[in-house]
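> need coordinates for the following:
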Amino acid sequence: MRAYWQLTLAQLRIFARNKQVLIFTLLFPIILMLALGSFAGNENDFSLTVGVIDKDQTNSSTDLKDLFYKNEGLKTRKYEKVKTGKEAVENGDIQLLIEIPKGYEENLKDENQAFSLPVYYNEKNLTTSELGLTVLNGIIDQYSKDLVDYKPLVTVEKVGIEALNIRYVDFLVPGIVAMMIMSNNMNGVAGQISAWRERGILRRMQGTRLKASTFIAAQITARLVLNGTQALLVVLIANLIFNINVAGSWLALIFFIVLGTLAFMSLGFIIAGLAKNPESAGPIAGFVTFPLLFLGGVFFPISDMPDIIQPIVKILPIAHLSSALRETMNLGTPFFELGTETLILGAWLIGGFALASYVFKWE
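Residues are numbered from 1 along each chain as shown. Here you go, the predicted model:
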């Protein structure tokens, strides 16, 4: 037990002395979080800007324009010429352009004939255009019913449900924490163990009464302290800057940080055992971690990926670590409802250390 604590403290001192590694392993995820969170933090917000051209200039056309002005979901801009309004649609300044033609009021007097309003939209941005057209159709439809005093036989009772407003930054921060845990442990463990083997440090340790289990346990404890502290620091910084709150249990959050650290540390020991020298350990770790950044749901939802790779994605440890952190932080999901994530990460942990013990070499 004494050797275990001495090795743990020695490893922590090594981390503390290497201030450049400490600073940059922490700075990179924080800078990435700040950059992506600042530029796309409110990506889910939708704003519809509509241009209006009134060629009729009558009381009826004014009443119609007032409908658009009073609607809180629309931002309205006035244009004098159709050409200018079309250019605004093409440039993306507005999403739709409504033209109220001359003779609009006169045509309303003919109750036997419907009047069509030209609405211009951008064919290259169909998602926004279709949503905007749906909103306008609803406004115009209600206006038309009011004009003829239409009373529907069946009505809809609106029952609002208070839902979570998940921003992109809320989705991003747990992914950044998972990315940091993966990178620090896979790259860090593989690089350090390979360097110690090449310098003969592991061979000298093997010549003592030190057990391999004691050495590995000390490594695990030291890295748990370091990576757990860094992960919690990122969460606290996200809370201060982006108002990210942990909706669930902090104990559950810490549990998954620890479990994720252990799972990826086991993979780092496997890479350290396979790598012949420190120069090859880095590329091997990068070859593994780089695809996981995109397949593990760090930056965008796993559900958006092609169906053909879904079975592969759903067994990756980074995918389940990201999912568990998001469920805990964003939704407040109780720990006992995250059994799948716990089992899969636990399986990677056990299987990883079993394989690491087989491929691990002292020299």
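> ok, Glu99 touching Val82?
Yes. Glu99 is in contact with Val82 according to Cβ atoms under 8 Å; the separation is 6.1 Å. (C-beta placed from N, C-alpha, C; glycine too.)
> pLDDT weak spots in the stretch 201-350 of the chain?
Flagging of the stretch 201-350 of the chain using pLDDT under 70 yields the residue ranges 201, 205-213, 304.
> which neighbours do Glu99 and Val82 share?
Ile53 (Cβ atoms under 8 Å, 6 or more residues apart in numbering).
> the two: which is more packed in?
Using other Cβ atoms under 10 Å as the criterion, Glu99 and Val82 rank with Glu99 on top: 20 against 15.
> any idea which helix or strand carries the more buried one?
Under the criterion of DSSP states H and E, Glu99 resides in strand 96-100.
> starting from that strand, tell me which strands it pairs with and how they run.
Applying DSSP bridges, strand 96-100 is found paired with strand 48-54 (parallel), strand 119-121 (antiparallel).
> quick one: distance of the last one to the chain centre.
With Cα atoms, centre = their mean, to the nearest Å as the basis, strand 119-121 stands 34 Å off its chain's centre.
> what's the angle between the helix or strand following it and strand 48-54?
Next along the chain after strand 119-121, taking DSSP H and E as the criterion, comes helix 126-147. Using axes from the mean of the first three to the mean of the last three Cα atoms, to 10 degrees, one finds that helix 126-147 and strand 48-54 are set 50 degrees apart in direction.
> helices or strands up against the helix or strand just after helix 126-147?
Next in sequence after helix 126-147, counting helices and strands by DSSP H and E, comes helix 168-198. With contacts taken as 3 or more Cβ pairs under 8 Å, 6 or more residues apart in numbering; DSSP states H and E, helix 168-198 sits against helix 19-40, helix 201-206, helix 212-242, helix 250-274, helix 278-295, helix 317-326.
> swap the cut-off to 6 Å and go again
Contacts defined by 3 or more Cβ pairs under 6 Å, 6 or more residues apart in numbering; DSSP states H and E place helix 168-198 against helix 19-40, helix 212-242, helix 250-274, helix 278-295, helix 317-326.
> winner for burial among these?
Of all the helices and strands packed on helix 168-198, helix 317-326 carries the top mean neighbour count, a mean of 26, counting by mean count of other Cβ atoms under 10 Å.
> now it: how far from the chain's centre is it?
Here the centre of helix 317-326 is set off from its chain's centre by 11 Å, with Cα atoms, centre = their mean.
> and that helix, what does it pack onto?
Going by 3+ Cβ pairs under 6 Å, 6+ apart, helix 317-326 lies up against helix 168-198, helix 250-274, helix 339-359.
> how about residues contacting it?
174-175, 177-178, 182, 256, 260, 263, 292, 296-297, 302, 313, 338, 341, 344-345, 348 (Cβ atoms under 6 Å, 6 or more residues apart in numbering).
> among the helices and strands packed on helix 317-326, which comes closest to Asp93?
Distance to Asp93, taken as Cβ to Cβ, is lowest for helix 168-198 among those, at 23.7 Å.
> can you give me the angle the closest one makes with helix 317-326?
Helix 168-198 runs at 140 degrees relative to helix 317-326, counting by the same axes, to 10 degrees.
> right, and the helices and strands packed on helix 168-198 - which one's nearest Leu131?
Minimum separation from Leu131 across the helices and strands packed on helix 168-198 (Cβ to Cβ) falls at helix 19-40, 19.4 Å.
> which is the next helix or strand following the strand holding Glu99?
By DSSP H and E, the next helix or strand past strand 96-100 is helix 104-108.
> what helices or strands is that following helix leaning on?
Packing contacts for helix 104-108, counted by 3+ Cβ pairs under 6 Å, 6+ apart, involve helix 59-70.
> right, and the helix or strand after the helix it packs on?
strand 74-78.
> as CSV, could you dump the C-alpha coordinates of whichever helix or strand comes after that following strand?
Downstream of strand 74-78, the next assigned helix or strand under DSSP H and E is helix 82-91. Extracted C-alpha coordinates of helix 82-91, given in CSV (Å, rounded to 0.1, in the frame of the first residue of the first chain):
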residue,chain,number,x,y,z
VAL,A,82,-40.4,44.3,-56.4
LYS,A,83,-36.9,44.1,-57.8
THR,A,84,-35.3,45.4,-54.6
GLY,A,85,-37.3,42.9,-52.5
LYS,A,86,-36.3,40.0,-54.8
GLU,A,87,-32.6,40.9,-54.4
ALA,A,88,-33.1,40.9,-50.6
VAL,A,89,-34.5,37.3,-50.9
GLU,A,90,-31.6,36.2,-53.1
ASN,A,91,-29.1,37.7,-50.7
